[in-house]
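1. The sequence isn't on hand, but the structure is:
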DNA sequence: ATAATTTTTTAGACTTATCTAAAAAAATGA
DNA sequence: TCATTTTTTTAGATAAGTCTAAAAAATTAT
Ligand SMILES: [Mn+2]
Ligand SMILES: [Mn+2]
Ligand SMILES: [Mn+2]
Ligand SMILES: [Mn+2]
């Protein structure tokens, strides 16, 4: 007797992944409009897909109420995130891509289905814990090793920290950080929060750099 | 002024690849039915797609006449073959998959679009010339290094050869070869073609093995 | 040369994922 | 509370890719 593995389309996977990411920042249920914005599509399209995902019991959905992932939907989403981050790690560590070049590629690679492939890739890469942007890579049981990170904007004068992640993944931001030497692993010390515009002045490698509050909010450190 | 890159769907790519492979064995133009058989679809579906590919000038198509690839269609097909074989090589050499396990995975990976990724993968793998089944890997200009191979079934008593490829890529056949020690690089000598059923007896590693004519036709050697 | 068979194309339908425009529900606010 | 605004859903279309059944063309056999 053959057991059918529930297959989800590329598109369904992207919806689940978006709902997953949106839940992390929202805590509440995720709205139709926020999904539409994340996936660059229209609210009407989202509603259609939500009905389908609800039929498949991957999300909890009641009209006008927004959605949450079911246990199963969550598992699928985490698996896609795992693949995304492992491929990003591979691209940077083995193929020498830069950290600002890998996200789009991983958006495609994350949909390759074989679980065996992912696990072998994981082993080949030596079971990395974090991706090139500092985001945790779920293990093959879906467990995620979160670390407690705070944005530079929350530091006080004199506080030291090590850069461990970023909140914003656009190439333009990552390239900017690269140029400012503010990459993963760098030790920084906050010198001063400027009263005028809440921009910050900090030390990296003995150099003094200035960052807008907006940039500071998107760089995560351990203290 | 932005230059648009002609994008082809996953499905279109598979049609082009099939037409490419079928042209190699056919020499003549490729028939609707043969494409349908290769892609496990129906002739009516093939006709629909042929019209579309012809509109895009990727194939030469006149009703009832079969098709050939245009220069451009051929280039796209070869690029997919390049990706397929490079990924197969990666899976075997880096992730330790067996040669009978990689084809299906490569069927997915070959559709990842980035040319930059393929070239970096090629470099990472040290520009391999042949895939795990002995098939030549096109370089990034589309050039293919073909070697002159003949099937074991064409050898005469006493002829020696080195296994360089296979014509049949099904897991069951590859697993059988593995068990018989008839893998790429092995030196063999044909002892006798049995008159009764044209099966062959040959030596590999000092051992004597017997192969059906059908198997012998699907193993390729250099003499 | 005509009939029978095979191959290929057309016609019409279905599925998935998308869209715009309009209707309905929920939230906001005076 | 009742009107206005915002959010979400429904209705109806469209495009890609597939299918079955039927028609047309090409091939083969008598
Ligand atoms: Mn990413
Ligand atoms: Mn990342
Ligand atoms: Mn293959
Ligand atoms: Mn191969």
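-> Sure, I can see it. What you see is a predicted model, and the numbers here were worked out from it, not measured in a lab. Ligands and ions are numbered 1, 2, ... in the order given.

2. which stretches of chain A form strands?
-> For chain A, the strands defined by DSSP state E occupy A:59-61, A:67-69, A:150-151, A:160-166, A:187-193, A:200-204, A:207-211, A:219-222.

3. what pairs with the fourth one, and is each one parallel or antiparallel?
-> Which is strand A:160-166. strand A:187-193 (antiparallel), strand A:219-222 (antiparallel) (DSSP bridges).

4. Also the third one?
-> Looking at strand A:150-151 with DSSP bridges, its partner strands are strand A:219-222 (antiparallel).

5. Give me the contact status of the partner strand with ligand 2.
-> No. Using CB under 5 Å from the ion, strand A:219-222 stays clear of ligand 2, with a minimum separation of 12.7 Å. (Glycine included, C-beta is placed from N, CA and C.)

6. Nearest spatial neighbour of the residue nearest in space to the middle of chain A, chain-adjacent residues omitted?
-> The centre of chain A sits closest to residue A:135, judged by CA atoms, centre = their mean, with a distance of 6.0 Å. Leaving aside its sequence neighbours, residue A:135 sits nearest to residue A:85 (CB to CB, 6 or more residues apart in numbering or on different chains; 5.9 Å).

7. ranking the strands paired with strand A:160-166 by burial, who's on top?
-> strand A:219-222 (a mean of 22; mean count of other CB atoms under 10 Å in any protein chain shown).

8. can you list the domains in chain A?
-> Split into domains by automatic domain parsing, chain A comes to A:1-145, A:150-222.

9. Distance of residue A:33 relative to residue A:50?
-> For residue A:33, the distance to residue A:50 equals 12 Å [CB to CB, to the nearest Å].

10. Tell me which of those two has more neighbours.
-> Ranked by neighbour count (other CB atoms under 10 Å in any protein chain shown), residue A:33 and residue A:50 place residue A:50 first, with 21 against 12.

11. Which residue, other than its chain neighbours, is closest to the more buried one?
-> residue A:61 (5.1 Å).

12. what's the one you found in contact with, if anything?
-> Counting by CB atoms under 8 Å, 6 or more residues apart in numbering or on different chains, residue A:61 makes contact with A:50-51, A:53-54, A:67.

13. Go again with 10 Å.
-> A:29, A:32, A:47, A:50-55, A:67-68, A:70 (CB atoms under 10 Å, 6 or more residues apart in numbering or on different chains).

14. Can you tell me the number of residues neighbouring residue A:185?
-> By other CB under 10 Å, neighbour count at residue A:185 equals 8.

15. Tell me the pLDDT of it.
-> Looking at residue A:185, its pLDDT reads 95.

16. how about the residues of chain A near ligand 2?
-> Checking chain A against ligand 2 by CB under 5 Å from the ion, the hits are A:88, A:131, A:133, A:135.

17. Serialize those residues to CSV and add fields for pLDDT.
-> Output for those, formatted as CSV (pLDDT from 0 to 100):
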residue, pLDDT
A:88, 98
A:131, 97
A:133, 97
A:135, 96
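
18. Show me which of the residues you listed is closest to chain B.
-> Using CB to the nearest CB, residue A:88 comes nearest to chain B of the residues of chain A next to ligand 2, at 12.2 Å.

19. Can you tell me the number of residues neighbouring that closest one?
-> Count around residue A:88 with other CB under 10 Å applied: 27.

20. Roughly how far does it sit from residue B:185?
-> Counting by CB to CB - residue A:88 and residue B:185 are separated by 36 Å.

21. so what's residue A:170 up against?
-> Contacts of residue A:170 (CB under 10 Å, 6+ apart): A:100, A:103, A:176, A:218.
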